[in-house]
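*Asks:* Dropping a prediction and its sequence here:
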Amino acid sequence: MSDAAVRKKRPVYLNLVAIRLPLPGFVSILHRISGALLFLAVLWLLFMLDRSLSSESGFESVRRYMKLWPVKLGLLAIIWAYCHHFCAGIRFLLLDLHKGIDLATARMTSWLVLAASLALTACFGWNLW
Amino acid sequence: MNRIVTGAHYGLRDWLAQRITAVIMAAYTLIILYVFATGPPLDYALWKDRFAQGSMRVATLLFAASLAWHVWVGMRDILMDYVKALAWRFTLEVLVLLTIAAYLGWTVQILWR
């Protein structure tokens, strides 16, 4: 059997529940999830930007709207998504430049990205309320 | 060989565009944070005034354009990875493109009203 034929018959095992994702993989999938979330969030953010710039009363209504707890929760999720996407994005740019590609450093920077984005989220969340 | 035709050499261009637009958006984010963090407390007059300035409008439009290209590459990557049925993938890709176009149009409308 040719080499290619052997390779073709190998079983594909992609049970997403059973796979234990390594830490850098976890950061990577969160980058995707946060990116998709931000794409959808633009609609909501544009709505609020539109209202807030429309008039004095529009501005105040957005300010009141942002005090509701479901809105706060949603904004907090968006802030986290933005911070994570930002931090992980910088890590990926550095990886593109071949900075920090050995396993130990890659793991360390993965922890750094997770911790930094959560810390930034807490910081911005605290400042907004 | 099982070659899937996906178009002609846009891979590298989009790869590069995704990174350049990322840097533009990161710079905008830091500048905006600095401008509002160092300014006086935010009220409607200040908010309105900031967005009335030409530099702010152009910078925000540049951010929106970067976001449009960046999000197209990103969402297309996601759809190519997870949506296998061609009809579904194509439909969703068109929906993403239409959404991006609507976002851009709305942004221009908000900035120059």
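*Replies:* Thanks, I have the structure now.

*Asks:* Show me what residue of chain B gets nearest to chain A.
*Replies:* Closest approach between chain B and chain A, counting by Cβ to the nearest Cβ: residue B:44, at 4.0 Å. From N, CA and C alone the C-beta is placed, and that goes for glycine too.

*Asks:* element containing the most centrally placed residue in chain B, please.
*Replies:* Closest to where the C-alpha atoms of chain B average out (Cα atoms, centre = their mean) is residue B:67, at 1.2 Å. According to DSSP states H and E, residue B:67 maps onto helix B:54-82.

*Asks:* How about the residues of chain A by chain B?
*Replies:* By Cβ under 8 Å from any Cβ of the partner chain, the residues of chain A that approach chain B are A:32, A:35-36, A:38-39, A:42-43, A:46, A:49-50, A:52-53, A:56, A:59-60, A:86, A:89-90, A:93, A:96.

*Asks:* 7 Å instead?
*Replies:* Residues of chain A lying close to chain B by Cβ under 7 Å from any Cβ of the partner chain are A:32, A:35-36, A:39, A:42, A:46, A:49-50, A:52-53, A:56, A:59, A:86, A:89, A:93, A:96.

*Asks:* Farthest pair within those residues?
*Replies:* Farthest pair in those (Cβ to Cβ) is A:56 and A:96. Separation: 46.1 Å.

*Asks:* all helices for the chain, in order.
*Replies:* Picking chain A for this. All helices of chain A, identified by DSSP state H, fall at A:3-9, A:23-54, A:56-65, A:69-96, A:103-128.

*Asks:* wait, I meant chain B there
*Replies:* Under the criterion DSSP H, chain B contains helices at B:11-38, B:44-52, B:54-82, B:86-111.

*Asks:* List the residue ranges of chain A that fall below the pLDDT cut-off.
*Replies:* Within chain A, the ranges that satisfy pLDDT under 70 run A:1-14.

*Asks:* again, 90 this time
*Replies:* The model of chain A has pLDDT under 90 over residues A:1-22, A:127-129.

*Asks:* how many neighbours does the residue in it positioned nearest to chain B have?
*Replies:* Going by Cβ to the nearest Cβ, chain B is nearest to residue A:59 of chain A, at 4.0 Å. As a burial measure, residue A:59 scores 19 neighbours (other Cβ atoms under 10 Å in any protein chain shown).

*Asks:* residues contacting the residue sitting nearest the centre point of chain A?
*Replies:* Nearest to the geometric centre of chain A sits residue A:34, at 3.1 Å (Cα atoms, centre = their mean). Counting by Cβ atoms under 7 Å, 6 or more residues apart in numbering or on different chains, residue A:34 makes contact with A:81, A:84-85.

*Asks:* which of those has the most neighbours?
*Replies:* Ranking the contacts of residue A:34 using other Cβ under 10 Å puts residue A:84 first, with 25 neighbours.

*Asks:* Quick check, it in contact with residue A:30.
*Replies:* Yes: under the criterion of Cβ atoms under 7 Å, residue A:84 makes contact with residue A:30 at 5.9 Å.

*Asks:* Quick check: residues of chain B near chain A?
*Replies:* Counting by Cβ under 7 Å from any Cβ, chain B comes close to chain A at B:19, B:22, B:26, B:29, B:44, B:47-48, B:51, B:71, B:74-75, B:78, B:103, B:106-107, B:110.
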